[in-house]
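Colleague: sequence and predicted structure are below.
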Amino acid sequence: MMEDMIKSCIQYVFDNCPEEMEFFNNMIDKDHTLIERLKQVLGTPFARIEYKDALDELKKVEDKFENKVFWGMDIQTEHEKYLTDKYGPVFVMNYPKESKAFYMRLNDDDKTVAATDLLMPVVGELCGGSQREERYDVLSKRMDEMHVAKKSLQWYLDLRKYGCCKHAGFGIGFERFLMYITSMENIRDVLSYPRTPKNLEF
């Protein structure tokens, strides 16, 4: 769904804003290859890689990185760049349970959760999502393991108390997506409501 959404949005922009895309290609993109790159994204299936396999790839060239590569780490910008240079758009899947929120569904290996990030060239992480834990007992145990106070979240547990369907969700970094399709280098240039220092009196 994430891949289809990204491709659908890119196609929509091509269909409805061809003149603007020509402008971004010719005036903003340094290599004048923006349109070509986006069309390649449209025509290529996104890669998929397990978190543990991504770590194995990164460890092969660990001396290139400032940040150490280890199980449970957040994948840093330099790592994202390496992975997207190698694979293009890539989903990194099944993260360690220790590095993710308590509500993400625990996989059968009891080490990872059903979570994924979509990494894109240039902008890095564009989407993040997970399947949510629908099993009451597993969710309760995870909250205990992660020292999450149940009192204020009893309502959340109660949603699963009498059964719950499997469900998942994801979010997109909209401004990062705008950077990606316009080739703008500074995220401040694509914000709908840019923050500027000393602009507001309060």
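Modeller: That came in fine, so what should we check first? Numbers count the residues shown, from 1 in each chain.
Colleague: mind listing what's buried along the longest helix anywhere in the chain?
Modeller: Secondary structure of the chain read by DSSP state H shows that its longest helix is helix 2-16. Across helix 2-16, burial judged by 16 or more other C-beta atoms under 10 Å covers 2, 6-7, 9-10, 13. For every residue, glycine as well, the C-beta is placed using N, CA and C.
Colleague: packing partners of whatever helix or strand Leu119 lives in?
Modeller: Element membership for Leu119 (DSSP states H and E) is strand 112-120. Strand 112-120 makes packing contacts with helix 2-16, helix 77-87, strand 90-96, strand 124-131 when contacts are defined by 3 or more C-beta pairs under 8 Å, 6 or more residues apart in numbering; DSSP states H and E.
Colleague: dump the ones you listed to JSON lines, plus mean pLDDT and distance to Lys198.
Modeller: Shown next, in JSON lines, are the helices and strands packed on strand 112-120 (pLDDT from 0 to 100; distance: least, C-beta to C-beta, whole Å):
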{"stretch": "helix 2-16", "mean pLDDT": "98", "distance to Lys198": "34"}
{"stretch": "helix 77-87", "mean pLDDT": "96", "distance to Lys198": "29"}
{"stretch": "strand 90-96", "mean pLDDT": "98", "distance to Lys198": "39"}
{"stretch": "strand 124-131", "mean pLDDT": "97", "distance to Lys198": "30"}
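Colleague: reformat those as JSON lines; add distance to Asn25.
Modeller: JSON lines is the format used below for these (distance: least, C-beta to C-beta, whole Å):
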{"stretch": "helix 2-16", "distance to Asn25": "11"}
{"stretch": "helix 77-87", "distance to Asn25": "20"}
{"stretch": "strand 90-96", "distance to Asn25": "24"}
{"stretch": "strand 124-131", "distance to Asn25": "20"}
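Colleague: out of these, which is closest to His167?
Modeller: With C-beta to C-beta as the measure, strand 124-131 is the member of these nearest His167 (7.3 Å).
Colleague: just the CA trace of the closest one, in CSV.
Modeller: Taking C-alpha atoms only, strand 124-131 is exported to CSV below (Å, rounded to 0.1, in the frame of the first residue of the first chain):
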residue,chain,number,x,y,z
GLY,A,124,15.9,8.9,3.6
GLU,A,125,13.0,7.6,5.6
LEU,A,126,9.8,8.6,3.9
CYS,A,127,7.2,6.3,5.5
GLY,A,128,7.0,4.3,8.6
GLY,A,129,4.4,1.9,9.8
SER,A,130,3.6,-1.3,11.7
GLN,A,131,1.0,-3.9,12.4
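Colleague: which elements pack onto that strand?
Modeller: helix 2-16, helix 77-87, strand 112-120, strand 168-172, helix 174-182.
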